[in-house]
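Engineer: Following is a predicted model, sequence given first.
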Amino acid sequence: MSDEIVRLEVKDHVALVTLNKPPVNALDRAMRNAIIEVFDAVSERDDIRVAVLTGAGKTFCAGADLKDRPDVTKTGAFSAHNRVTRETGNAIRECAKPVIAAVNGAALGAGLGLMAACDIFLASENATFGMPEIDVGLAGGGAMLNTIFGRSTMRLMMFTGERLSAAELYRRGIIEACTAPDELVPAALKIAERIANKSPLAINYAKNSANMVELMPQRDAYRFEQNFTVALSRTEDAKEARMAFIEKRKPVFKGR
């Protein structure tokens, strides 16, 4: 696995995924492929129940590496580039396990897109967020910004390149915590530990449900979730959770 540019460390069912391409963790094709590879592995590994995504150094991810643009003279180059670009975020969004973003510094452009693909957001007080594509003559990011910000803020960031601080995102209720830099990953790992202690089957269903109900009318979404509840109620883990609650002990889940 691509341990150098994307590190994967696993302890007590929690995966710590670290973007590690100094100085600013910019996304080139190699790094995108490594992210996809790592999160596909997180989805499939039974020893992982939740992941935390962060960046090495003082930057979470400064966005796409502008030195790694497609060759405009080569037919199909942009289509191939755009495909792997889409799948980078999709590998996180569609990961079978919850992913917590621990944004340790600037999250710009595609870097903000990585955060948006995660399930839960935390940031350090020195983090900043923006879509600077417009400043280099490009446009984009609306699909990602739209999942986090309201109509006006989304357009302000797209049209002007405006950057917002972690404190501002916390004030708006967009991130769960705005911490001191050295407290960020421990705070994210603490949430991850809480998730890892739940039934892995139930968490898998919950992640799938959270993704799907965003796309469905309320009536259909509720029926969708009820079907999951029925399926889960028949599992050994659900029985164990109920018995552990009654007996006032910690449950022992088997993932079935």
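Structural biologist: Great, that's in hand. Numbers count the residues shown, from 1 in each chain.
Engineer: so Ala26 sits right up against Asp65, yeah?
Structural biologist: Yes - Ala26 sits in contact with Asp65 when judged by CB atoms under 8 Å, with a separation of 3.9 Å. (Glycine included, C-beta is placed from N, CA and C.)
Engineer: Between the two, which is the more surrounded one?
Structural biologist: Counted by other CB atoms under 10 Å, Ala26 and Asp65 do not tie: Ala26 has more neighbours, with 22 against 18.
Engineer: and the more buried one, what does it touch?
Structural biologist: Counting by CB atoms under 8 Å, 6 or more residues apart in numbering, Ala26 touches Cys61, Ala62, Gly63, Ala64, Asp65, Leu66.
Engineer: In terms of pLDDT, where does it sit?
Structural biologist: If you check Ala26, the pLDDT there is 94.
Engineer: Return the backbone torsion pair for the residue nearest to the spatial centre of the chain.
Structural biologist: Against the mean C-alpha coordinate of the chain, by CA atoms, centre = their mean, the closest residue is Cys118 at 1.9 Å. Phi and psi for Cys118, reported as degrees, to the nearest 10, are phi -80, psi 170.
Engineer: How about it, nearest residue that isn't a chain neighbour?
Structural biologist: Sequence neighbours aside, Ala101 is the residue nearest to Cys118 in space, at 3.8 Å (criterion: CB to CB, 6 or more residues apart in numbering).
Engineer: One more: Leu145?
Structural biologist: With CB to CB, 6+ apart as the criterion, Leu145 has its nearest non-adjacent residue at 4.3 Å, and that residue is Met154.
Engineer: Could you do Pro23 as well?
Structural biologist: In this structure, Pro23 finds its nearest non-sequential neighbour in Gly57, 6.5 Å apart by CB to CB, 6+ apart.
Engineer: before we move on, what about Pro132?
Structural biologist: Pro132 sits nearest to Gly161 (CB to CB, 6+ apart), 4.6 Å away.
Engineer: Strands along this structure, start to end?
Structural biologist: Along the chain, counting by DSSP state E, strands occupy 6-11, 14-19, 50-55, 59-61, 99-103, 106-108, 120-124, 128-130, 163-165, 178-179.
Engineer: coming back round to it: in contact with the residue nearest to Pro23, which residues?
Structural biologist: Pro22, Pro23, Val24, Asn25, Asn104, Gly105.
Engineer: Please pick the buried ones from these.
Structural biologist: Those of these that meet the buried threshold are Val24, Asn25, Asn104, Gly105, by 16 or more other CB atoms under 10 Å.
Engineer: Save those as TSV, and put in distance to Asp135 too.
Structural biologist: Putting the buried ones among the contacts of Gly57 into TSV (distance: CB to CB, whole Å) gives the following:
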residue	distance to Asp135
Val24	16
Asn25	19
Asn104	23
Gly105	19
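Engineer: Tell me the one of those residues nearest Ala238?
Structural biologist: Closest to Ala238 out of the buried ones among the contacts of Gly57 is Asn104 (36.9 Å), distances taken as CB to CB.
Engineer: correct me, but that closest one touches Phe60?
Structural biologist: Yes - counting by CB under 8 Å, Asn104 touches Phe60, with 5.4 Å between them.
Engineer: Spit out the residues that contact the two alike.
Structural biologist: Taking CB under 8 Å, 6+ apart as the contact rule, Asn104 and Phe60 both touch Thr54, Ala127.
Engineer: got the residue ranges for the helices in the chain?
Structural biologist: 29-44, 77-93, 110-117, 142-145, 151-160, 166-171, 184-196, 200-213, 218-233, 236-247 (DSSP state H).
Engineer: Between those, which one is closest to Ala177.
Structural biologist: Nearest to Ala177 among the helices of the chain is helix 184-196 (5.5 Å), distances taken as CB to CB.
Engineer: Alpha carbons of that closest one, in CSV - could you do that?
Structural biologist: Listed next in CSV are the C-alpha coordinates belonging to helix 184-196 (Å, rounded to 0.1, in the frame of the first residue of the first chain):
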residue,chain,number,x,y,z
LEU,A,184,-7.1,18.1,17.1
VAL,A,185,-6.1,14.5,16.4
PRO,A,186,-6.8,13.4,20.0
ALA,A,187,-10.2,14.9,19.8
ALA,A,188,-11.0,13.2,16.5
LEU,A,189,-9.6,9.9,17.9
LYS,A,190,-11.9,10.2,20.9
ILE,A,191,-15.0,10.4,18.7
ALA,A,192,-13.6,7.5,16.6
GLU,A,193,-13.2,5.4,19.7
ARG,A,194,-16.9,6.0,20.6
ILE,A,195,-17.9,4.9,17.1
ALA,A,196,-15.6,1.9,17.2
